[in-house]
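Q: Return a 3D structure for these sequence lines:
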Amino acid sequence: MKRNLLTFFITILTLSVWAQQPNKLALRYHEPATTWEETLPLGNGRIGMMPDGGIDSEHIVLNDISMWSGSVDPTAVNQDAHTYLQDIQQLLLAGKNIEAQKLMYANFRSGGLGSAFGQGKDAPYGSFQMLGNMSIRYIYPSSEKTTNYERALSLNDAVATTKFTKGGISYQREYFASHANDILGTRMTADKKKSISLDLSLNRPERAKVWVKDNTLFMTGQLNDGNNGTKGVQYITKLQVLQKGGTLIAGDSSLAVKSADEVIVLISTSTDMLDKDYKGTVANLLTKAAKHSFDKLKQQHIAAYQEKFNRVELHLGLQDNTASTPSRLVRFQSSDDPAFAALYFQFGRYLMISGTNEKSLPLNLQGLWANQVQTPWNGDYHLNINLQMNYWPAEVCNLSELHKPLIDFTRSLVPSGQTSAREFYGAQGWIAHMMTNPWKFTAPGEHASWGATNTGGAWLCSHLWEHYSFTQDKDYLRTIYPVLTGAADFFLSSMIAEPKQGWLVTAPSSSPENGFYLPGSKEPVYVCMGPTMDVQITRELFTNILAAAEILGITDQYTAKIKTVLPKLPPMQISPKGYLQEWLEDYQEVEPHHRHVSHLYGLYPSNQISPSSTPALAAAARETLNRRGDEGTGWSRAWKINFWARLHDGNRAYKLLKSLLEPTAGNEIKMNSGGGTYPNLFCAHPPFQIDGNFGGTAGIAEMLIQSQNGYIEVLPSLPDVWANGNFKGFRVRGGAEVSVAWVNKKITTLTLKASLKNSFKLKVPEYISTIKQGEKTLSIDNGFVEIQLNKGEHAKLEMI
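A: Below is the predicted model:
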């Protein structure tokens, strides 16, 4: 007993030390980057850069989230497609999926060009592209060996640094993408005067003109509109050098500084995609920034960034502030480093804050960072999980306003989606298929194996609902209600009755990117009727509309129709082998270990499968995951973290987190191997794809708190290795923030802060016998406690 008490008090003391020490969160490196996947991402949600920290020469990749080639393509809609729909459906009803698939490949696809993976740069579909490069050559007073090298990215203030000593002189560089002044800033200093000399230029692989005017470096150009016309995105970049001491020398297309004490480089850049006065904006931003000192610019940037970042804390142990990030990444595979998991969690939040903002485009497959003009898979928006995964952490990780770009983008797809619904299916409402871009592409993709999925828009609608679920904003709900019903209109007007049970199903469709074999055939088939994911998404959409209608006081023929159709959707089916079926029939998969686990959408991100409310389906989901295995692409591993967290298996979720954080290298495209994490903690599909970072962050949050079943459950999937810790500021559905501390896997304190007046239901762990709120003891009813709070009110609970 004495030993247990001693252990308890030592643990409490440790947690107290964690709380008192500053939680320095940083990525650290002891050498310059040799690949792009070692460079450090900086961004303000619109523009960004990635410095490599080179000593003699430095390569800094510049980015703008609106650098997109392509343009609106009126030929994307195949106006003849609908004439083949009935034939395709009749073939599916007759069990002739192969024939239906051939007909789709030939006739039921986009009429445009370039939506196929990696072919969009010079096609109307387009591609997300890098902005360009800032190249710097440094000239030093001494050629002596470099020592004490360190570069770092501070997550606490979103500032990167490079430091080293050369010839007895200490050099430092600081870089940030300003969240306050919307410019990119870099400062070079030394502890000895007249030690900074450099040559600096801008460049990009194509479509760029670079020149110098009035000691300012310009880069301008226009991207291909896909037709080699004049409608492509135009951009302008202006770079200004401010030096203390020394001499600034202007060349025709470069700038040089000789023997300065300090050099500041300010970059302002924009395109005409979101700002028709982009040239004036760039000039004004640069002029305003140049009036402030670098320290003032940095101070304003940090304050603006920290307003979001500091809302959430996660402590699982003391951070190692000496070891390099790559070494910690390697060490994480063989030994547990809970603090590294917390660092990775906060890096995901950092990427969201840096990768998008309220007025920007949504995060694409690369966030806003790219080092190519033809990014992998066009760097676009994949709607069969990847874009949605980017936003899984938004609400729970207290970045709700950063959901806005995705919500606004979803609204913007409706007109194009209405055209696609009408021209391809003769249907009402709106639809989006597997992929889209800033030009609002909503047609089926060019290959039915991945392009036939027709629930992309409906999946986006789940994010519209989630934002309401966390914020409880009825005015907002009223504005999105027509978007939800428009998506439902498509299914209500296009589903057909399958022949065996009369269930209403989507047709044609596919289970994202996975195929099956018909009995007696070895030809892979992708086109089908009513795959399980379609059914789950449709059911969720209908259910959310009915909930929204009740909240808004709407009772009409439309809601009555949905209530009539809901029972006619297929149920989730469990195979005689124990797993959840992916299709209406229990087909043999082409790839049993496929990266997509689409038929478990109902487990996560939806809440149609639960160990508490649907134990049989939960058991089938568990068997499905065991059959699929723990390997896969980076984002696939991230999704599986969330699956196992929902199944309340914290240790298995943690195993998947380790798998996600498996060190990897190389940027060649691999569909079934090589997943993991690069040295700069970017997720590897491979190549780099940012969704896995956000899926991993969401998975860690899901291990620590859940609220999808109408109540708050704290530490639902806590792994054994996180026995002690605390977090602050996680958000839950219903409109509240939750902060928790735990010791030996048992909650000690919990604080609930309401963002609006509401009643909150909290699940009480079995080991808790008493809950005290101050001097008041709360009543525990059947394992739950109800807490009524007014807006802004706190409830601090002591768990005994």
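Q: where exactly do the helices run in the stretch 551-700 of the chain?
A: 557-565, 615-628, 634-646, 650-660, 691-704 (DSSP state H, counting those that start in this stretch).
Q: Include mean neighbour count when you put these into TSV, please.
A: Glycine gets a C-beta too; all of them are placed from N, C-alpha and C. Formatted as TSV, those follow (neighbours: other Cβ atoms under 10 Å):
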stretch	mean neighbour count
helix 557-565	13
helix 615-628	19
helix 634-646	28
helix 650-660	21
helix 691-704	28
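Q: looking at these, which is closest to Glu206?
A: helix 691-704 (27.6 Å; Cβ to Cβ).
Q: Which elements pack onto the closest one?
A: When contacts are defined as 3 or more Cβ pairs under 8 Å, 6 or more residues apart in numbering; DSSP states H and E, helix 691-704 packs onto helix 338-355, helix 386-390, helix 634-646, helix 650-660, strand 683-684, strand 725-732.
Q: switch the cut-off to 7 Å
A: helix 338-355, helix 386-390, helix 634-646, helix 650-660, strand 725-732 (3 or more Cβ pairs under 7 Å, 6 or more residues apart in numbering; DSSP states H and E).
Q: Quick one: those as a markdown table, columns for distance to Gln773 and mean pLDDT too.
A: As requested, the helices and strands packed on helix 691-704 are exported to a markdown table (distance: least, Cβ to Cβ, whole Å; pLDDT from 0 to 100):
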| stretch | distance to Gln773 | mean pLDDT |
| --- | --- | --- |
| helix 338-355 | 28 | 98 |
| helix 386-390 | 37 | 98 |
| helix 634-646 | 28 | 96 |
| helix 650-660 | 28 | 97 |
| strand 725-732 | 18 | 98 |
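Q: Output the ones you listed in JSON lines; the columns should cover distance to His82.
A: JSON lines is the format used below for the helices and strands packed on helix 691-704 (distance: least, Cβ to Cβ, whole Å):
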{"stretch": "helix 338-355", "distance to His82": "38"}
{"stretch": "helix 386-390", "distance to His82": "27"}
{"stretch": "helix 634-646", "distance to His82": "34"}
{"stretch": "helix 650-660", "distance to His82": "42"}
{"stretch": "strand 725-732", "distance to His82": "44"}
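Q: Between these, which one is closest to Leu92.
A: The nearest among the helices and strands packed on helix 691-704, by Cβ to Cβ, is helix 386-390 at 26.8 Å.
Q: just checking, next helix/strand downstream of the closest one?
A: Counting by DSSP states H and E, the next helix or strand C-terminal to helix 386-390 is helix 404-412.
Q: for the residue nearest to Glu150 when sequence neighbours are not counted, phi and psi?
A: Spatial nearest neighbour of Glu150, excluding adjacent residues (Cβ to Cβ, 6 or more residues apart in numbering): Lys163 at 5.0 Å. Backbone torsions of Lys163, given as degrees, to the nearest 10, read phi -140, psi 140.
Q: beta partners for Lys163?
A: Counting by DSSP bridges, Lys163 is bridged to Glu150, Gln172.
Q: Any figure for the gap between it and Asp295?
A: 17 Å (Cβ to Cβ, to the nearest Å).
Q: So these two - more neighbours on which side?
A: Lys163 (15 against 10; other Cβ atoms under 10 Å).
Q: May I have the predicted confidence score for the more buried one?
A: pLDDT, Lys163: 98.
Q: Begin at 38 from now on, thanks
A: In the new count, where the first residue is 38, that last one comes out as Lys200.
Q: Correct me if wrong: it contacts Thr183.
A: No. Contact between Lys200 and Thr183 fails when scored by Cβ atoms under 7 Å: they sit 10.6 Å apart.
Q: after the helix or strand of the chain with the lowest mean pLDDT, next one along is what?
A: Within the chain, no helix or strand scores below helix 39-57, which has a mean of 46 by mean pLDDT, DSSP states H and E. Per DSSP H and E, the first helix or strand lying C-terminal to helix 39-57 is strand 63-66.
Q: CA atoms of that following strand as PDB?
A: Taking C-alpha atoms only, strand 63-66 is exported to PDB below (Å, rounded to 0.1, in the frame of the first residue of the first chain):
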ATOM      1  CA  ALA A  63      10.100  21.800 -32.300                       C
ATOM      2  CA  LEU A  64      11.400  19.700 -35.200                       C
ATOM      3  CA  ARG A  65      15.200  19.700 -34.900                       C
ATOM      4  CA  TYR A  66      17.900  18.700 -37.400                       C
END
